[in-house]
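> Please work out how this folds:
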Amino acid sequence: MAEFGRENGDADLFMGDDALVLGLASGATVRRAARKAGVAERTAGRRLADPDFRRRVHEARAALFERAIGRLARAATKAADTLAALLDADSESVRLGAARALLELGSKLHESVTLENRIAELERSAAAKGNQAGTGDCLAKLTLEQKLELLERHRAANKLLQEIKPEDGCLRPHIEKSQDLSAGSEPAQRFA
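Residues are numbered from 1 along each chain as shown. Coordinates of the predicted model:
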């Protein structure tokens, strides 16, 4: 049937395809996306069996996320301005709440940027070592979820280090082992 639409230059078929991609990328069920696109649910199911079509849905979803992130960034600037303005509020409790929020969010943002920079540096370092050794970049082979897991382990190890007092010397071997695991290749090998 799709062949029939193409032979007759049926533009509605292709517009329906684009509408189906957008509907699915937006999170609609197959039934709902098909109905909104004006195609049968079985047609939508067949289209989803096509790897190129699934790639288009994935790309459309990524583009939607990019736009949403842009809107969030603009809103975050406005929210930061609002919090900064609240630092001058008449109410002491409002000023205190704004100060706490700014400090907490600033700390989290700093940590996030620091971790992102550390990942980039690790990837560059691993790529340089991999190119020298001819083994390739093992970090590049990791999925985003695997990289996040490694970061979470590293963050947990750092948190533990911050909580340990010098007089807790009996825990030092465990801390060193944790550092070795977070910096070593064992987790990366597990995901290879």
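> Now Leu151. Nearest residue, chain neighbours left out?
The shortest distance from Leu151 to any non-neighbouring residue, by CB to CB, 6 or more residues apart in numbering, is to Leu115 (5.5 Å). Heads up, the C-betas are built off the backbone N, CA and C, glycines and all.
> And the one you found, how far from Arg153?
Spatial separation of Leu115 from Arg153 under the definition CB to CB, to the nearest Å is 12 Å.
> Please apply the same query to Ala80.
The span separating Ala80 from Arg153 equals 31 Å under the rule CB to CB.
> So Arg56 is in contact with Val21, correct?
Yes. Between Arg56 and Val21 a contact is recorded at 5.0 Å, counting by CB atoms under 8 Å.
> Of the two, which one has the most company?
A direct count of neighbours by other CB atoms under 10 Å for Arg56 and Val21 places Val21 higher, at 22 against 19.
> Give me the secondary structure label for that one.
Classification of Val21 using DSSP: H, G, I helix; E, B strand; the rest coil returns helix.
> for the protein, what helix or strand is lowest in average pLDDT?
helix 2-7 (a mean of 37; mean pLDDT, DSSP states H and E).
> Domain-wise, how is this protein divided?
Split into domains by automatic domain parsing, the chain comes to 1-74, 142-192.
> Any idea which of the ones you listed has the lowest pLDDT on average?
Of all those, mean pLDDT reaches its minimum on domain 142-192 (a mean of 57).
> Start from the N-terminal end of this protein and give the strands.
With DSSP state E as the criterion, the chain has no strands.
> Which parts of it are helices?
Assigned by DSSP state H, the chain shows helices spanning 2-7, 11-25, 30-37, 41-48, 51-86, 92-133, 144-163, 172-183, 186-191.
> number of nearby residues for Leu150?
Taking other CB under 10 Å as the criterion, the count of residues near Leu150 is 19.
> now it: how far from Leu20?
Noted for Leu150: a distance of 37 Å to Leu20, by CB to CB.
> Same question for Ala126.
40 Å.
> The two: who's more crowded?
Shown here are Ala126 and Leu20; by other CB under 10 Å, Leu20 has more neighbours (25 against 19).
> contacting residues for the more buried one?
Contacts for Leu20 were tallied using CB atoms under 8 Å, 6 or more residues apart in numbering; they are Ala33, Ala34, Ala37, Val39, Ala44, Arg47.
> change it to 6 Å
Ala33, Ala37, Ala44 (CB atoms under 6 Å, 6 or more residues apart in numbering).
> Give me the neighbour count for the residue found closest to the first one once you drop the neighbours it is linked to in the chain.
Nearest non-adjacent residue to Ala33, counting by CB to CB, 6+ apart: Gly23, 3.1 Å away. Per other CB under 10 Å, the neighbour tally for Gly23 reads 22.
> One more: Asp52?
Neighbours of Asp52 (other CB under 10 Å): 7.
> quick one: Ala37 and Ala44, what's the gap?
7 Å.
> Over to Arg35?
For Arg35, the distance to Ala44 equals 9 Å [CB to CB].
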